[in-house]
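J.: Structure, please.
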Amino acid sequence: MIGRRVGRAVATLSLVVTGGCFATRSDMRVLQGDILNFRTETARADSARARQIATVAASLATVADSVRATSDRLTRFQGDTRGELRAIQQQLLQVQELTGQSQRRLQEMRAEMEARTQVPVMPPPVATVPGDSLTAAPVQGTPGPNQLYQLAYDQLRRGSFSAARAGFEELLRSYPTSELAPDAQINIAEAFAAEGTAASADSAYAAVVSKYPRSPRAATALYKMALSMARQGRRPDARTAMDRVVREYPTSDEADLAREWLRTNR
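T.: Below you'll find the model as predicted:
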């Protein structure tokens, strides 16, 4: 519609320009009317386009607001999730600490019972002066695994790391198949770590995993070895060890801690 009117107006205008003397007032009025109509319809079309643009802009603004709101909700969700994971980790550590306290108390009771039931060993008879009524006192027998463990653990708690290692090593020599052997081995690693000899500690942790892979202490030793590597700046080795915790001990508490470490240390 607008194109036809523009064509007619152009034709009329050409007639006026090329043969102005022959243009009538009627032709001028038609030209003016066409120009006016053209302007009106152009303004109307521009207004319609402006409304369409405004509608599209409003829609885009709504979409942007929706995306922004979704992003905000996702950010809050991620923050809440991280907070919940930290809380779960703290609870796991508390449970582990309480479990450790219970195990230590149980170990103390076992050591006490072992000491009470131990049969004293009588020394060989010694010749005495006639009329002498002195008799030799019985000698305590070899300490059992629980006693050796408790004695060594007491040294570890007092900070006598060398003495503690010697006690745990004696337990491993005397009772290699004892259920306390994995704990003794990991405490040897703990003593080295407390002294700051990281390489020796890592080797002792690795021995727990290689010698007692089915023990619950294996996951603990592997996780602690990974943390030790991370502290030494050996990030690739630490990631490898953390991956092993997750892969080989997926249901352990240490696996949950390893997953979180891997997520936050990419």
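
J.: buried residues in the helix or strand hosting residue 182?
T.: Assigned by DSSP states H and E, residue 182 belongs to helix 181-195. For helix 181-195, a neighbour-count test (16 or more other Cβ atoms under 10 Å) marks 181-193 as buried. (Glycine included, C-beta is placed from N, CA and C.)

J.: Kindly reformat those residues as CSV containing distance to residue 159 and pLDDT.
T.: Output for the buried residues of helix 181-195, formatted as CSV (distance: Cβ to Cβ, whole Å; pLDDT from 0 to 100):
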residue, distance to residue 159, pLDDT
181, 24, 96
182, 23, 97
183, 19, 96
184, 18, 97
185, 20, 97
186, 18, 97
187, 13, 97
188, 15, 97
189, 16, 97
190, 12, 97
191, 10, 96
192, 14, 97
193, 13, 96
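
J.: tell me which of those residues is nearest to residue 52?
T.: Proximity of these to residue 52 (Cβ to Cβ) peaks at residue 193, which lies at 71.2 Å.

J.: ok, and the closest non-adjacent residue to that closest one?
T.: residue 201 (4.0 Å; Cβ to Cβ, 6 or more residues apart in numbering).

J.: what packs against the host helix or strand of residue 157?
T.: Using DSSP H and E, residue 157 maps to helix 145-158. Under the contact criterion of 3 or more Cβ pairs under 8 Å, 6 or more residues apart in numbering; DSSP states H and E, helix 145-158 touches helix 25-117, helix 161-174, helix 181-195.

J.: what does the second one rub up against?
T.: It stands for helix 161-174. Residues outside helix 161-174 that contact it (Cβ atoms under 8 Å, 6 or more residues apart in numbering) are 142, 145, 148-149, 151-153, 155-156, 178, 180-181, 184-185, 187-188, 191-192, 194-195.

J.: List the buried residues of it.
T.: Neighbour-count burial for helix 161-174 [16+ other Cβ under 10 Å]: 161, 163, 164, 165, 167, 168, 170, 171, 172.

J.: possible to save the residues you listed as a markdown table with pLDDT?
T.: Listed next are those as a markdown table, based on pLDDT from 0 to 100:
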| residue | pLDDT |
| --- | --- |
| 161 | 96 |
| 163 | 96 |
| 164 | 96 |
| 165 | 96 |
| 167 | 96 |
| 168 | 97 |
| 170 | 96 |
| 171 | 96 |
| 172 | 96 |
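
J.: Would you mind giving these as a markdown table with distance to residue 66 added?
T.: Output for the buried residues of helix 161-174, formatted as a markdown table (distance: Cβ to Cβ, whole Å):
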| residue | distance to residue 66 |
| --- | --- |
| 161 | 61 |
| 163 | 67 |
| 164 | 62 |
| 165 | 63 |
| 167 | 66 |
| 168 | 62 |
| 170 | 69 |
| 171 | 65 |
| 172 | 64 |
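
J.: measure stretch 173-183 end to end?
T.: 14 Å (Cα to Cα, to the nearest Å).

J.: Likewise for stretch 240-256?
T.: 15 Å.

J.: Now do the buried residues in that stretch.
T.: Buried residues in stretch 240-256 (16+ other Cβ under 10 Å): 241, 242, 244, 245, 246, 249, 252, 253, 254, 255, 256.

J.: Among those, which lie within helices?
T.: 241, 242, 244, 245, 246, 253, 254, 255, 256 (DSSP state H).

J.: next SSE after the helix or strand the residue nearest to residue 193 falls within?
T.: Using DSSP H and E, residue 201 sits in helix 198-211. As assigned by DSSP H and E, the chain's next helix or strand after helix 198-211 is helix 216-231.
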